[in-house]
Each structure stands twice: as structure tokens, then as C-alpha cells.
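[1] Sequence unavailable; structure follows:
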């Protein structure tokens, strides 16, 4: 069956619409409202959702990993079951094409199953056991065993640019549920219908697998009040957010100012610098075209969008710049997620082109209309770039700034002034890269992921992925929001000293009933003690 | 040779005394100043230390783990070489007895060697490798490899109560140096001489093992300005602190308000609740005496000091309380670290005894003098305790509050109101504990370490130790400041995509030259790829 979109809040197994006010989502392809009305959440609904989450935590946090894995797989199955409906709502609210919708849904179900495997394997528990030494002098050594425990209810903010993969059932939700944290989602107001349709799949999966009620709730709202109320609620123990720097910093501040401060993991995007060494400008390499595609992919609405490309003056770099600009022009006008986003893009782009020394090298003009965007490329000298902090801002959309350096020294002078980044890329042949070890080191210090000869868009979901980076790319560079290590944001260690075997958690029992790899007296082993 | 105590700042391999003002330390046993004068650091010295650390980071962060291990072991050897001198200065500044001084020094050298082993093993690097799948559809999968990297220069604040183990060469310093972070220490003003003597050992070890200059510096100052200047300096990337809640929160706020916010790991102590189930009150068990010793150990100046003991009304609990009080009285008057600490203890203790419903059950009177403290025990009903937040404050010193619960339900009603704790303890026989699973769960949610039938004082240094806990015990419950996992505070992941083998860090190379355990395509292995 297909669930109708009602505009209700999802509270545990129920739904609720206590609010008097409603809001709508817009189809950016047509500029018209979608057929649905969404109720604004009330404080009372916030409180109910959080209290249910706190109550669910007491049992959910102690369930066997296998049960949580079943829940995550049931969500994935529900999403697949509802695929046609979900894709249709997604497209109406995002303006993104069908292929993207289906691809992103596949990524989302893949993530859910990857985190199910993490839940089932208990690999996230990082077990360390040091057995007792009763005869040690001067003092006997007690038996101490440590494993990870979930923090408690997690607030997840849906992201505008990934209605499936970074929203209601996205990586934040999947990673938190995997390790035993109930989740309360604030649906993104630009795709409230998609949020509801996905949320009902989670709700149904929770009931079907008999999870404690309150393990998942979702609240909707068009303003900033709802998010603030959720982050301030005493039952909230951590926050996951993907979005703008302003939004991320505001939530981080709210989290820090609580009576009990809580960690807010905000991924706030970056400009993802790319260094083009001379050999990579050769036309046969195809990098100019590959980067034009990367810059304009999804109308440039990716946090790994390459917004800054640095090269060294010369005919190769000039030719590379021209091809890049021509290819960006060739992409044509794209539909952005929302008229607000398009307006912000158009205004920031204009501001960049008004900065001293910046030349526009794309040909398309700027009368794109309400939700449309043309790609654009600017060029500036490294000297002008270095002295103008305005040029280090992120332009969310299909824009990139080329920075022309006089020589290698000019490049090395420029890189230290960059802020923290999600990614940094380097193009060149092996000889060039070997002799540019200073550039490799500088880029590695600035970024969470360092790529050689590739484009930063496209973030694999795998154990080796780090999607995070030094501030302001994220609020805490020690954590990732993509890949299986994303669970580390939601867990804390707990040491058990001298616990009788009968009440030790299964992960810590002598006979290792979970069969997991554990550090026992300093050695890794999957055997019993 | 023995280094004279000069009162100078230690900047890299040099020393400096640009400040005009000086301060002194006091011998709490005599109340008289020690023979040394210490120069207050200047802003210019702060800047020099931080710039040297940033510069040292560039090479130190890339050194083989073996070299950093040699450095840490050389520090331990220097400390042992200087043992007599160090113990003498320590005793003059802390008033603590010789046995404690030697024991703490042994713990400190043990920690340094444990972290040397971590550095050498590279086990902290958490390597994950996912090899390329060029034929994957719809898109080829790139080669991605991830390992941990050091964050950058770390500021370490010396703690008043552990002049060796949590100060200049303590766990924060050792864990940061182990993973490639230079350290700038702010010496604790109550034991500036001990800080200098230890700092010179580190300085000498750094030179001897040819570490880059600036890998260690130490600045001294008597006010709060120096610490603030260090935390605010742009080159600082993380902060380690052990001390008061007020101090920890102030530094955390400074770290969060920077243009580039940095993590401040503050361990701020706690009241370490203990639940006594009926069988544990039996005189033959000896828990009343064991707890009297734990409460008064080191004049109660431990962050794991048991400041709250909860029991259930009855003749057993009454008798337990009497023996505990008598044993605390029998300990006698102890010398505290400083007259300020003693004054604060005496005043807070008086404030506790003035709270509604609190009865003093120890006999010793309160005219202890400037730096002396008598142990004290109070009793209050659970009902009165629950409604009075003042009774949840930490009393730094040999004091504990007994809370009498009407019955098991009254106990279970009381525990949820406790704040986050470093430790929580439960005394009882196995049958009682099995049937008190609600208490076990509640204590586990509040604490970083859960003990059965033990005392919380005494923190083992081992992989299974977690010395951290939910706020306000620490600012981030996900990290520990004791045990080998303490390194996790100072590292962040970096993913490498498509890097040529020649420039991959050794930990990530195909042939696994470090011979470490790595996750390769989802499987743990110490073999090559």
C-alpha cells in the first residue's frame, strides 16, 4: 500500500497534528506549490517525541545488535517497496531528475544495510579487556573491561540537498540507530513530503520488527524554532546536521549553551580546493571536462563541489581554463532545489564577480529566473586571492574560482591561507607529485580527504571514507558523517570493574558469545578468555 | 647532574625570563614560601612557544613512531635519573608524603612507556583500506585508505593534585607526544618548581633524541591570563585540562569562541556515587573501613574520591555509617595541597552541614589551621537530598555525604537526579546485584566507569580504563584522559583517495611495512595486500 501524505508529525507509532499553522513545499521545476499541507510542530509535540525517545532508549540501547540490524534492513525493504511513490514525491519537491532520485535511494538503502552489518557485527564496540592480577604488588590489579555504549536520543536534521541519503533515513539516522540511539528527525522544510513518506517507512519497519515505541519520531516545521527546541530539550544527547555554516554554528552554540552541553556534529560544506600541476592541463588528460562536470553536477549542490582550482601560469593553464569555462557553458541551465537557494547562488556569484581582480570567463548570462542557475567560472591571481577573505566563501551552486599562481612558490604561499576543507585534490603525474611533497603535506593538513587525480564529488560509503574535516568544514574534525565510522559520533566508552560474569554485557563475557575481535591483555583475539 | 630551579620559561631548547613580575610557591607543611622565584610569562613568550610548536609539528607529525617512542622513553629515563631531586621539590610544594611522591613518579614513567609502546605499535592509526574496483558498475570504485593523523600543537594544563602524573610529563603530555602533537604546558602555579624540574627532563630528552625544537615548551604564570592566551593562540589545536568545573568550563568556552573553535578536553571531577546494598553493610565485609580510607586518601584530593554513599535504612546501614564516621575520625588531620584548597574545603564543608536535614556524624572539630583538613561525614535523607541541588556539588577534600533511602524504590527514585560522573560503585553480593539490574543500568548511564565491590580511587593505566564520563564529569564523554585510548583526543582521520604507492604513508602501503593490524576490504589482517 501507498501512504497518503497527511502533513502530520510522526510520534512513535502514532501521528499528530496539534499545530494550527501549516506550510507547503514548492516544485522548483514549475514554481507551484505541491498538493500537500504540513502542520507546524508544537512544543508539546517536541516534548512528547523526546520523552518517548528517552523511554525507548532504556530498552533499545540494550537490544542485541541482530535486532537493530533487522530493524535497519526492514527500513531498507520498506523504502524499496515504496520506491515509485518516494521517487515521485522526491522529484516534485527537489526538481532533481529521476536517475538522481533512484540513485540516491539506492545509496540510502545501501547505507542502511551497511550500518545493519555494523550493528550485527558489534565491531563498533571496541572491546578492551584487562584481566585481574590478584598477586600484583604493591597493589592487586582489578579486572577491567571496556566497551562502547550509545549516548542516548539523537536529533537529526534533514539536509536540503540529499532528501534521501542525508535526511530522514540517511546516514545520520542509520548510524545512530545502528548503535542503539533513538532518533528524532527534524524534516527539511523544502522536502517535507519526502520526509513524511520516508518517515512512514521507518515507522512501519519499527512496528514490524517490534522496536520500542519512540525509537523514531519526526517533526516538521518551516522556521528555526523547531530545531532549536529539539536541541535544547534535556533528553537530547547529540545532534547530527548537514547544511550551511550559519545553521551549523547556530546549532553548535545552542548545544554548547545547554545546562548539560551536548556534541553537535555539523558538516557545513567547504570549497574543496584542487591543485592542477602542469601535466594535468594537457588536453588529452580530459581534466578540464571532468571538472566542468564535477562543478555542475546536481546544479553544484554538493558539499564536495570543487569551488576553487589552483594552477600555475602558462599556456597549459590558460588552455585548461578556457576548456573548463566552455564545458561549464555547454552544460546549460539547471534547476536548483529552491528559489531561495537559486537567489542566494545568483547573488553570491554576482558578489564574487564584483571583487577586485576577478574576471568572469564563462559566457552565459544571468537572467535564469526563479529557480534556475547557469554555471559560472571566474579567474583571479593568487596575490589578489590571498588578500581577499571574501573569495574563500563557499558558493553553493555550479560555480568555481580559478586561481592563477605565478609559480610553485606562489602556490605554496597561497595554500596555508585556506580554511579547513572536506576534500583537497591534486592533479598531476607521479613525478610532479613526488616533487610536490610540500603541496601534498599542506593539502593533507587542510582536508579530511586527499585525492590524487580524481574529482571530489562522489563520496563512497565504506570503512575507509572520511567525510569530515578541519573547521569550518565540520565542527569536529575527529568524526565522519559518511562511512561506517560515522557511528563513532554517537557512542561513548564505559569501563566495568570487577563485574560478576553474570551481569557483564555479552560483548565482555569470558566466552565471547558474540565472537568478536577484542583486545585482551593487549592482544587482539576473537577467542574466549 | 641536577638542574637548578631558575623560574624560567622553557622555550624549545632554550629558556626565557622576559617577564618583570615573579611569583612563589608555598610549602603547605610549613606555610612558608619555597626558596624559588618564578617569572610570569609574557605574551611574547606565549607567541614564541606556539610558533615553535607549529613549526615542530611539520616534522614531528611525520616522524616514525619508533622515534617518538624513543623520545618518550628518554623522558622516563631522565625522570628516573633525577628522581631524588624531583621527589624533594614535589614534597616541598605539595605537602604530600614521600611514598606518594615516589609512587606517582613511578606511575608517570609507566605512563610514558605505555604511550611509547602505543607510538611504536602504530595501533592508534585505525587503518582502513578499501581497494579499487575499476569494473564496478555504474561507477568504478576508487582506492581509498584512511588512517589517523595528529591534530597539531596541544595545550596541556598541569593539575594541582597530581604534580607528576597529570602535569608537565603526565598523561595528557605523553598521549599527545605519542601521536605526533607538540605540547605546550602551562605549569600549575602551586607546584611551579616541580613543573620546571620535570620540564627540564623533557627538554633534555628532546635534545638527546634529536626531536625538532619546539616539540615541548612550558610556560609559568600565577593568574588565569596565561592559560587564556595559550588557548586563544591560533596555532593551538586542542587542549587537555584536569581541574575544577569553573576552570574547565571557562577554557571550554574560550576554545568554542575562537575563530577556529578547538576541542577542549576538560576532566572536571565528580562526586562518584556509591550504592551500598544491605549485605555490604555487614561488619565482616570491611567496606566501612575501606571507604573511610578511600574518602581520606591523599586528603581526599582525588577526582575519583567517593563523595556520595547511598544506602537503605536499617540497622545494617546505621552501623555501617557509624563505623565509616569513626574510621574517618581515626585517620586524623591531613595536610592539603595549598591554603586556598584547604580554605575552600572548610567553607564548602560548613555549607553542606548548614543545609536542611544534613547531620554531621564525625566527631573531629574544624579548627584545623591554614592548610590542614579533618575528614568529615554527613547524613541526609534521600528525600531531602533529591530536592536540594546544593548537595550534588563536589567537595574537594576528605568529605562524604551518606544518603539514607527508605527502600529500594526510594533509591531508584534518587539515582536519575544525579549528574554525570567519572565513576559509580555498587557494593553487594551477587544475588542482590542480579536483582538490582535497574540500579546497575542507572549507574551505567551516569558514569564512565562502573565498579562492583571496590573503591573508585585508584585508576589503572591500561587499555580498558575509561577515565571520563557524562557532563559535568568531563566536557566530552566520548574521550578518556587515562589509559592508552587517551590518544584519541588528539587525532583525526584522513582519507587518501587514489594515492600512488610511493607517497602513501607507511601505515597504508600495500606491503604493510609497519606490520600492523588493518581493516582491508572489511576484514582485519596484519598481512600485505
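    Looks like it came in fine. Keep in mind the model is a prediction, meaning the values are calculated, not measured. Residues are numbered from 1 along each chain as shown, chains lettered A, B, ... in the order given.
[2] where does the stretch 151-300 of chain A come near chain B, residue by residue?
    Counting by C-beta under 8 Å from any C-beta of the partner chain, the residues of the stretch 151-300 of chain A close to chain B are A:151, A:252, A:253, A:256, A:260, A:261, A:262, A:263. Backbone N, C-alpha and C define where each C-beta goes, glycine included.
[3] number of nearby residues for the second one?
    Using other C-beta atoms under 10 Å in any protein chain shown, residue A:252 has 22 other residues around it.
[4] For it, list the residues it contacts.
    A:264, A:266, A:475, B:256, B:261 (C-beta atoms under 8 Å, 6 or more residues apart in numbering or on different chains).
[5] Repeat that for the third one.
    Taking C-beta under 8 Å, 6+ apart, we find residue A:253 in contact with residue B:256.
[6] Tell me if it really is in a strand.
    No: counting by DSSP: H, G, I helix; E, B strand; the rest coil, residue A:253 is not found in a strand; it is helix.
[7] pLDDT at it, what is it?
    Note for residue A:253: predicted pLDDT of 94.
[8] How is the residue of the stretch 301-450 of chain A found nearest chain B assigned, secondary-structure-wise?
    Among all residues of the stretch 301-450 of chain A, residue A:449 sits closest to chain B, at 4.1 Å; criterion: C-beta to the nearest C-beta. Following three-state DSSP, residue A:449 is assigned to strand.
[9] tell me the pLDDT at the closest residue to it other than its chain neighbours?
    Of all residues beyond its chain neighbours, the one nearest residue A:449 is residue B:495 (4.1 Å), with distances taken as C-beta to C-beta, 6 or more residues apart in numbering or on different chains. With respect to pLDDT, residue B:495 scores 98.
[10] follow-up on the earlier one: please list only the buried members of the residues of the stretch 151-300 of chain A next to chain B.
    A:151, A:252, A:256, A:261, A:262, A:263 (16 or more other C-beta atoms under 10 Å in any protein chain shown).
[11] would CSV of these with secondary structure and distance to residue A:142 be doable?
    Conversion of those to CSV gives the following (DSSP: H, G, I helix; E, B strand; the rest coil; distance: C-beta to C-beta, whole Å):
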residue, secondary structure, distance to residue A:142
A:151, coil, 26
A:252, helix, 39
A:256, helix, 36
A:261, coil, 32
A:262, coil, 31
A:263, coil, 30
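[12] Between these, which sits nearest residue B:316?
    Nearest to residue B:316 among those is residue A:151, at 36.9 Å by C-beta to C-beta.
[13] in terms of contact, does the closest one touch residue A:491 like I think?
    Yes: judged on C-beta atoms under 8 Å, residue A:151 makes contact with residue A:491 at a distance of 6.5 Å.
[14] and the helix or strand harbouring residue A:129 with chain B, contact?
    Per DSSP states H and E, residue A:129 falls inside strand A:128-130. Yes: using C-beta under 8 Å from any C-beta, strand A:128-130 reaches chain B at A:128, A:129, A:130.
[15] Can you tell me the strand partners of that strand and which way each runs?
    strand A:144-150 (antiparallel), strand A:518-520 (parallel) (DSSP bridges).
[16] Run the chain-centre distance for that strand.
    33 Å (C-alpha atoms, centre = their mean, to the nearest Å).
[17] Ok, stretch A:3-18 next?
    For stretch A:3-18 - counting by C-alpha atoms, centre = their mean - the centre lies 26 Å from the chain centre.
[18] What of stretch A:242-257?
    14 Å.
[19] Taking the contacts of residue A:252 together, which two end up most distant?
    A:266 and B:256 (12.9 Å).
[20] Would you state the strands of the stretch 401-529 of chain A in chain order?
    Assigned by DSSP state E, counting those that start in this stretch, the stretch 401-529 of chain A shows strands spanning A:421-427, A:447-452, A:491-497, A:518-520, A:523-525.
[21] Let's have those strands in TSV, adding mean neighbour count.
    TSV is the format used below for these (neighbours: other C-beta atoms under 10 Å in any protein chain shown):
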stretch	mean neighbour count
strand A:421-427	28
strand A:447-452	26
strand A:491-497	24
strand A:518-520	21
strand A:523-525	11
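[22] is the nearest residue in space to residue A:499 that is not next to it in sequence in a bridge, and if so with what?
    Closest residue in space to residue A:499, ignoring its immediate chain neighbours: residue B:452 at 5.2 Å, by C-beta to C-beta, 6+ apart. According to DSSP bridges, the partner residues bridging residue B:452 are residue B:426.
[23] Give the burial count for residue A:293, as a bare number.
    Residue A:293: 13 neighbours (other C-beta under 10 Å).
[24] With residue A:379 instead?
    Applying other C-beta under 10 Å, I find that residue A:379 has 20 neighbouring residues.
[25] just checking, it touches residue A:405?
    No: counting by C-beta under 8 Å, residue A:379 stays clear of residue A:405, with 11.7 Å between them.
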